[in-house]
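Peer 1: Sequence plus predicted model, see below.
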Amino acid sequence: MNRAPFNRWLIVPALCLVLVASASAQEHPFIAQYALTELPGAIRIDWTIQGGNTCNGQEVERSTDGITFARVHRIDGICGNTSAPVPYHWFDNAPPEFSTVYYRVKLGIDGYTSVKSIHFRQLTTSEQRLFPNPVTDAATLVVNASATSAIDVRITDASGREVMLITGVQGQAITIDARALVPGLYSYTAVAGGRTFQGRFIKL
């Protein structure tokens, strides 16, 4: 039985992370403020149209690669005001899990805001995730359990022989050091908060 080294990665459920535009970003002249905030299970998009500017309809677009965007929300009607700034916001309640998510706002026919990105490191629709898979050097296993739970992970090879045991890691995520594993198919069983999670991965 081997006890592999590991790193702890604690995911805070109430994480609130705000990203603002970098100094080099060229923002749309209509926009006075634009920010992304990570919340438990969601991402909030805030933007403000400067006073004196209006547009007809707005669309929030989302991407996972910063290149190909798709509309995820629309606001119909006249936006902005001829005399005062107007703030807007929208909650993305289904962002891609454990991904870098990109957003931009389309201001009618007047163009787009700059593109902003945020790292969303939460499980919202699945019970567990191991990534990357296939594995080269290390993988991260995330389970849908309390952040105060301790995770125990048992890894077996294709013949059912135990090759790794990691115990007592607190949090929702654990790093699996796979450098000592020979290439092949492996299974894992994780126990956390009285729940059992199982899956497989390939070591290259």
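Peer 2: Now that the structure is in, tell me what you want to look at. These figures come from a predicted structure and were not determined experimentally.

Peer 1: Relative to C55, how far out is I118?
Peer 2: When C-beta to C-beta, to the nearest Å is the yardstick, I118 and C55 sit 24 Å from each other. Using the backbone N, CA and C atoms, a C-beta is placed for each residue, glycine as well.

Peer 1: nope, F30 is what I was after
Peer 2: Distance, F30 to C55, using C-beta to C-beta: 7 Å.

Peer 1: Domains in the protein, by residue range?
Peer 2: Taking automatic domain parsing as the criterion, the chain consists of the domains 17-120, 126-203.

Peer 1: Save those as TSV, and put in mean neighbour count and mean pLDDT too.
Peer 2: Listed next are those as TSV, based on neighbours: other C-beta atoms under 10 Å; pLDDT from 0 to 100:
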stretch	mean neighbour count	mean pLDDT
domain 17-120	16	91
domain 126-203	16	93
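
Peer 1: Please, which helix or strand holds the residue located most distally from the centre of the chain?
Peer 2: Checked against the mean C-alpha position of the chain, the extreme residue using C-alpha atoms, centre = their mean is S83, at a distance of 37.7 Å. Secondary-structure element containing S83, defined by DSSP states H and E: none, the residue being outside all helices and strands.

Peer 1: ok, now which ones touch it?
Peer 2: Contact partners of S83, counting by C-beta atoms under 8 Å, 6 or more residues apart in numbering, are 51-52.

Peer 1: Return the backbone torsion pair for it.
Peer 2: Its backbone dihedrals place S83 at phi -130, psi -20, with angles given as degrees, to the nearest 10.

Peer 1: And it, how far from I49?
Peer 2: The value you get for S83 to I49, if C-beta to C-beta is used, is 12 Å.

Peer 1: For the helix or strand where T48 lies, give me every contacting residue.
Peer 2: For T48, the enclosing helix or strand under DSSP H and E is strand 42-49. Identification of contacts with strand 42-49 by C-beta under 8 Å, 6+ apart yields 30-37, 55, 60, 79-81, 85-93, 95, 101, 103, 105, 107, 113, 118, 120.

Peer 1: Go ahead and flag the most central residue of the protein.
Peer 2: Most central in the chain under C-alpha atoms, centre = their mean is F120, positioned 2.1 Å from the mean C-alpha point.

Peer 1: What's opposite it in the beta bridge?
Peer 2: F120 has these beta-bridge partners by DSSP bridges: S99.

Peer 1: Let me know whether it touches E38 as I believe.
Peer 2: Yes: with contact defined as C-beta atoms under 8 Å, F120 and E38 form a contacting pair (6.1 Å).

Peer 1: how close does the residue lying closest to I45 once chain neighbours are set aside sit to G41?
Peer 2: If you skip the residues right next to it in sequence, I45 has W90 as its closest partner in space, 5.1 Å away by C-beta to C-beta, 6 or more residues apart in numbering. Using C-beta to C-beta, one gets 15 Å for the distance from W90 to G41.

Peer 1: Likewise for I174?
Peer 2: 21 Å.

Peer 1: and stretch 163-173, how far from the chain's centre?
Peer 2: Taking C-alpha atoms, centre = their mean, to the nearest Å, one finds the center of stretch 163-173 at 22 Å from the center of the full chain.
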